[in-house]
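Visitor: Pasting the sequence and the predicted model now:
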Amino acid sequence: QVRLVESGGGLVQAGGSLRLSCAAPGRTFSSYVMAWCRQAPGKEREFVAGISWNGGTTNYADSVKGRFTVSRDNAKNTVYLQMNSLKPEDTAVYYCATKWSRAVEKTTSWDYWGQGTQVTVSS
């Protein structure tokens, strides 16, 4: 079992920035692909960003490309999502997820999930 703990969510005005963190306490996840997904009220969960085990490959949803950056620090067992130029439509619960994979797929099919952190962007 892999436990993931997200932090960094909050309330921000449109155009602002937030950085989310996802830690895997007591677990080495250096061989796992990591991803961020989000779910807005009344909508299906959607893929946001993903990063390969060594950080060499990333993938983004078209809606966040150029505004969000995913990164990881395997020494700290932590993955980050830097969110800039936030829009009200980015409001959602953001989830960290992981699985072992050879590719960074744009998918919501992941083996392990965090509990989520709320991001609210006001207009």
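Guide: Sure thing, it's come through.
Visitor: Find the centremost residue of this structure, please.
Guide: Residue closest to the mean C-alpha point of the chain, counted by CA atoms, centre = their mean, is Trp36 at 2.4 Å.
Visitor: Please name every helix or strand in contact with the helix or strand containing it.
Guide: Using DSSP states H and E, Trp36 maps to strand 33-39. Here strand 33-39 touches strand 18-23, strand 46-51, strand 68-73, strand 78-83, strand 92-99, going by 3 or more CB pairs under 8 Å, 6 or more residues apart in numbering; DSSP states H and E. The C-beta positions use only the backbone N, C-alpha and C, and glycine is treated the same way.
Visitor: List the residues that contact Arg67.
Guide: In this structure, Arg67 makes contact with Met83, Asn84, Ser85, Leu86, judged by CB atoms under 8 Å, 6 or more residues apart in numbering.
Visitor: The first one contacts Leu20, correct?
Guide: When you say that, I think you mean Met83. Yes. Contact criterion CB atoms under 8 Å: Met83 and Leu20 qualify, at 7.0 Å.
Visitor: anything in contact with each of these two?
Guide: Val119.
Visitor: Those two: which has the busier surroundings?
Guide: Neighbour totals were compared for Met83 and Leu20, and Met83 leads with 27 against 24 (other CB atoms under 10 Å).
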